[in-house]
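Chemist: Generate a structure from the sequence data that follows.
(one chain, ligands or ions: 1)
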Amino acid sequence: MSEATGGPAILVLEDGRVFRGRSFGAPGETFGEIVFNTGMTGYQETLTDPSYHRQIVVMTAPHVGNTGINDDDPESGRIWVAGYVVREPARISSNWRAERTLDEELRRQGVVGIALTGTRALTRHLRDKGAMRAAVSTVETDPERLLARVLEQPPMAGADLAGEVSTDTPYEVLPPEGTEARFHVAAVDLGIKAMTSRRLSERGCRVTVLPSDATAEDILALDPDGVFFSNGPGDPAAADVPVAAVRGVLDAGKPLFGICFGNQLLGRALGLGTYKLPFGHRGVNQPVIDTRSRKVAITSQNHGFAVDAPLDGPFDTPYGRAEVSHIGLNDQVVEGLRLLDRPVFSVQFHPEAAAGPHDAAELFDEFIDLMSAQPAPAAE
Ligand SMILES: NC(=O)CC[C@H](N)C(=O)O
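Modeler: Residues are numbered from 1 along each chain as shown. So this is what the prediction gives:
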């Protein structure tokens, strides 16, 4: 049991709006883009998702931390959110897997949080005005002074962040014991989540995870059966190095699968633009429709940017005809791309969804099928 709320803390938004609350997690001060997440579950996966690097996350679920923190669910080696805003932190954790409370974990990792009753008003404000720069502080008591420093922070638009969260050196994820390694996948880590490598490896893939600055030559030197481009933080418009890598992989004709940031990079490689959404999609209850089967899936999402592509049928790209494979049903945003004549597709949502829902898990099987359908290399 821990005392989850502490002394006074303030949250200041770049448009001058101020929220007062109590310190939660580590005391101190933090800056980032403030965004809201509507997931009722999966807070541990949210905190450790590298795509949240430089973002202060507001949870709309009113009570957060009930099941504490365990050592099995993290999506990466650390908490990446820049700050954490909750309405009411659970004062005790009640779960057989819990090792620590959420408050203890935030303190342990130096993550500044704030507990405030107005998370609903805050979320409505962000829905109206959009995601924006913000700060949480337990040390600055004057909102005007904090606001001046918020306005000095770089915006998320134009931010090139994958290199700040990626692995420094390549590593391998092997299939679990008893599962044969049938395919070799090169996965470019732009902020990859542990569950993505696991979903591939449990389907018989040996996954070589490469740093975010891997070039097409680095990737193709591994002679992989397929190439994966991961999720990740920042603005896809600033990610020129991985976009060039996507183009090189397309030129080589390899099967390619992308998730989230990976979808945006594929879009750019095909010559499409990307743009910033007003407040983005973050949660585990986002409906998308598959434009071919007309089947609807409820998906996990975390994105603030989107691809600009025609929704009404196939279009031409330098790599042949392509189409939008999935559309978000809340706001008609592009949620997936596929090439019609190449083994290449990507989705803006998260089929690996550790905290669920698992409606879209079959997309990993689709990638496996694309790799299976490739002709075997000619005998020496
Ligand atoms: N989860 C992700 O890969 C996010 C991609 C990108 N940073 C965005 O916000 O849209």
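
Chemist: Closest residue of the stretch 1-150 of the chain to the ligand?
Modeler: Ser51 (3.3 Å; Cβ to the nearest ligand atom). Using the backbone N, CA and C atoms, a C-beta is placed for each residue, glycine as well.

Chemist: ok, then the element right after the one helix or strand Arg124 maps to?
Modeler: Here Arg124, judged by DSSP states H and E, is contained in helix 119-129. Per DSSP H and E, helix 119-129 leads on to strand 132-137 as the next helix or strand towards the C-terminus.

Chemist: elements contacting that following strand?
Modeler: Counting contacts by 3 or more Cβ pairs under 8 Å, 6 or more residues apart in numbering; DSSP states H and E, strand 132-137 is packed against strand 8-13, strand 29-37, strand 83-86, strand 112-115, helix 143-150.

Chemist: Show the average pLDDT along the first one.
Modeler: The average pLDDT within strand 8-13 is 98.

Chemist: Just the angle for it relative to helix 143-150, thanks.
Modeler: 50 degrees (axes from the mean of the first three to the mean of the last three Cα atoms, to 10 degrees).

Chemist: And the second one, by the same measure?
Modeler: What separates the directions of strand 29-37 and helix 143-150 is an angle of 80 degrees, with the same axes, to 10 degrees.

Chemist: now the helices: where do they sit in the stretch 201-350 of the chain?
Modeler: 216-221, 240-251, 261-269 (DSSP state H, counting those that start in this stretch).

Chemist: ok, residues contacting the shortest one?
Modeler: Contacts of helix 216-221 from elsewhere in the structure, counted by Cβ atoms under 8 Å, 6 or more residues apart in numbering, are 186, 188, 210, 227, 244-245, 247-249, 251-252, 254.

Chemist: Same question for it: list its buried residues.
Modeler: 216, 218-220 (16 or more other Cβ atoms under 10 Å).

Chemist: Just name the closest of those residues to the ligand, please.
Modeler: Ile219 (18.8 Å).

Chemist: near the ligand, which residues of the chain?
Modeler: 51, 231-234, 260-261, 302-305 (Cβ under 6 Å from any ligand atom).

Chemist: Quickly name whichever of the residues you listed is closest to Asn37.
Modeler: The shortest approach to Asn37 among the residues of the chain next to the ligand belongs to Asn302, at 7.5 Å (Cβ to Cβ).

Chemist: burial measure for the residue of the stretch 1-150 of the chain closest to the ligand, as a count.
Modeler: 29 (other Cβ atoms under 10 Å).

Chemist: Kindly report the same for Asp142.
Modeler: 11.

Chemist: Let's see the pLDDT reported for it.
Modeler: For Asp142, pLDDT reads 97.

Chemist: And for Gly356?
Modeler: So Gly356 comes in at 86 (pLDDT).

Chemist: what residues are up against it?
Modeler: So Gly356 contacts 41-42, 284, 300 (Cβ under 8 Å, 6+ apart).

Chemist: Of the helices of the stretch 201-350 of the chain, flag the one that's most buried.
Modeler: helix 261-269 (a mean of 28; mean count of other Cβ atoms under 10 Å).

Chemist: what angle sits between it and helix 240-251?
Modeler: Going by the same axes, to 10 degrees, helix 261-269 makes 80 degrees with helix 240-251.

Chemist: can you list contacts of helix 261-269?
Modeler: So helix 261-269 is in contact with 51, 162, 188, 190-191, 228-234, 236-237, 239, 242-243, 246-247, 250, 256, 258, 273-274, 303, 305-309, 319, 334, 336-337, 344, 346-348, going by Cβ under 8 Å, 6+ apart.

Chemist: swap in stretch 311-325?
Modeler: 250, 269-272, 290-292, 309-310, 327, 332, 334-342, 344-345, 347.

Chemist: picking up where we left off before, which one among the buried residues of helix 216-221 gets closest to Thr169?
Modeler: Asp218 (12.1 Å).

Chemist: what about Arg338, how many neighbours?
Modeler: Neighbour number of Arg338 under other Cβ under 10 Å is 21.

Chemist: and it, bridged to which residues?
Modeler: Beta bridges link Arg338 to Glu323, Phe345, judged by DSSP bridges.

Chemist: residues near the closest residue to Asn37 other than its chain neighbours, how many?
Modeler: Closest residue to Asn37 apart from its sequence neighbours, by Cβ to Cβ, 6 or more residues apart in numbering: Arg282 at 4.2 Å. Using other Cβ under 10 Å, Arg282 has 26 neighbouring residues.

Chemist: from what I can see Arg282 touches Glu33, true?
Modeler: No: using Cβ atoms under 8 Å, Arg282 makes no contact with Glu33, being 11.6 Å away.

Chemist: Can you list the buried residues in stretch 153-162?
Modeler: 156, 159-162.

Chemist: So what's the residue count around the closest residue to Ala355 other than its chain neighbours?
Modeler: In space, and not counting its chain neighbours, Ala355 is closest to Gly42: 2.6 Å by Cβ to Cβ, 6+ apart. Gly42: 20 surrounding residues under other Cβ under 10 Å.
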